[in-house]
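>>> Take a look and give me a structure for this.
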Amino acid sequence: MRLIKCFAGLILCLACLVSCNEKPSGVLSVTSEEGIDSTVQIIKLYNLPVDSFDIHKGVIKPNQFLADILLSYHVPYNEIDRLVKKASDIFDVRYIVSGKSYAVFCNKDSLGKALCFVYEPNATEFIVFDMRDTINVFRGTKPVEIREKVSYGTINSSLYQTLADIGSSPALAMEMANIYAWTIDFYRIQKGDKFKVVYTEKFVDGKRIGIDEIKSAVFTHFKDDYYAFAFEQDGFVDYFDDQANSLRKAFLKSPLKFGRMSSAYTSSRYHPVQKRWKAHKGTDYAAPHGTPIMSTSDGVVIEARYKKYNGNYVKVRHNSTYTTQYLHMSKIGKGIKSGAKVRQGQTIGYVGATGLATGPHVCYRFWKHGAQIDHRREKFPPSKPVLKKNQPAFYEFIKPIQTKLDSLESGNVVS
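The predicted model follows:
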């Protein structure tokens, strides 16, 4: 795999000599994962004599720097210095990260001096350090293939595990949680709940690198079907149900994407620290230390500090009706202070156990007209539906998509 990427970088260097119109973004078009075979394909594709080099591939080791690698391939300090200075506007070599792939292209003589170095900062980009003749450094982008996929299944334990079991990307669970955040409480998913989803995935070199977007879905929760259709109006894409209502409501169901509800809102609970019965006017969500805590809606921070029992906490006023509070943070998010504006889904802190707490969790408190209430019992108004002028086009658009979703079987399948 890395050999393909190495040759991609070298071909890009050589292509510039052949045609000044050749662009880095179009250099890599072979998706085979077999290194030697792919090399042959690339040579035939570009008809370039790259077989005259010795190629050495590797992975950046902890505390390894560019100079460490190039010195071992007989590149002198003064040349490395010029290379680093030349690269400064393209890529700061101080940010070469351990675990990332690289390749060195060397002469086939007895010295084996490096002529070209290729570094991959992520799955789609590569940096070419060309040391032949005039030193040149440039960034290339590998083409991303978008494939439409279909997944559907019945949940036995969790959505994440079900997706993993059927061979679909577990990252799809995060995307679905984002879409249904206002509609379905993912902490209360039941055994027997079902999902069907049509989405697109991104592939590079034939390898899956992430979810592109969810195009449509239906989630069956407590025997009710919740549809989601991506629809564009007025230049923006949003998700709507089968009645043209937006899936976005005023508040997220919880301040964490995933976790476990460890204690509900109640008028009487035995406090694990104080060892006495008292009201618990909040909802506790247990999660690993450091898990991001999100503001459940847009608003303005009115408190962000530490108190003896609350620990590190943030309080947000959303409007004249609603206020929320997030307790026991390990730390408050960067830039989160009194007067700061926050957006729905923005990270405002991280799960911890500061204050009166026995383990890492966030205590989520909710006020309506100044009185604390159980947010899970509150019915929030939806955001704007599909505009009336766009509804005929919307219903025509979703008709075949809904038919496709409804026709999918209920077994666990990914395609």
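
>>> Could you report the neighbour count for the nearest residue to residue 315 once chain neighbours are set aside?
Of all residues not flanking residue 315 in the chain, residue 303 sits nearest, at 4.0 Å (CB to CB, 6 or more residues apart in numbering). All C-beta spots, glycine's among them, are computed from the backbone N, C-alpha and C. Around residue 303 there are 15 other residues, counting by other CB atoms under 10 Å.

>>> what are the pairing partners of the helix or strand where residue 303 lies, and which direction each?
Assigned by DSSP states H and E, residue 303 belongs to strand 299-307. Applying DSSP bridges, strand 299-307 is found paired with strand 311-317 (antiparallel), strand 341-342 (antiparallel).

>>> per the record, what domains does this structure have?
As recorded under automatic domain parsing, the domains making up the chain are 2-141, 145-247+387-414, 260-377.

>>> For the strand holding residue 303, buried residues please.
By neighbour count on 16 or more other CB atoms under 10 Å, the buried set for strand 299-307 is 299, 301, 304.

>>> Can you name the residues that contact the first one?
Residues counted as contacts of residue 299 (CB atoms under 8 Å, 6 or more residues apart in numbering) are 316-319, 323-324, 341-342.

>>> thinking again about what came up before, how close does the residue nearest to residue 315 sit to residue 351?
Distance of residue 303 to residue 351, computed by CB to CB, to the nearest Å: 18 Å.

>>> Strand partners (parallel or antiparallel) of the longest strand out of those in the chain?
Selection of the longest strand in the chain by residue count, based on DSSP state E, yields strand 207-221. With DSSP bridges as the test, strand 207-221 is paired with strand 194-204 (antiparallel), strand 224-233 (antiparallel).

>>> Is residue 56 located within a strand, as I assumed?
Yes: with DSSP: H, G, I helix; E, B strand; the rest coil as the criterion, residue 56 is part of a strand.

>>> Now the buried members of the contacts of residue 299.
Buried, going by 16+ other CB under 10 Å: 316, 318, 323-324, 342, out of the contacts of residue 299.

>>> And these, which two are furthest apart?
The largest separation in the buried ones among the contacts of residue 299, counting by CB to CB, is between 323 and 342 at 12.7 Å.

>>> Please enumerate the shared neighbours of these two.
Joint contacts of residue 323 and residue 342 (CB under 8 Å, 6+ apart) are 299, 316.

>>> ranking the strands paired with strand 207-221 by burial, who's on top?
Between those, strand 194-204 has the highest mean count of neighbours, a mean of 20, where neighbours are mean count of other CB atoms under 10 Å.

>>> circling back: tabulate the CA atom coordinates of the longest strand of the chain in CSV.
Extracted in CSV, the C-alpha atoms of strand 207-221 (Å, rounded to 0.1, in the frame of the first residue of the first chain):
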residue,chain,number,x,y,z
LYS,A,207,-9.3,1.1,1.6
ARG,A,208,-12.2,2.6,3.5
ILE,A,209,-11.2,5.9,5.2
GLY,A,210,-14.5,7.2,6.6
ILE,A,211,-18.2,8.0,6.2
ASP,A,212,-19.0,10.6,3.6
GLU,A,213,-22.7,11.3,4.3
ILE,A,214,-25.9,9.6,5.3
LYS,A,215,-28.4,10.0,2.4
SER,A,216,-31.4,8.4,4.1
ALA,A,217,-32.3,6.2,7.0
VAL,A,218,-35.1,4.8,9.1
PHE,A,219,-34.7,3.9,12.7
THR,A,220,-37.3,1.7,14.4
HIS,A,221,-37.3,2.6,18.1
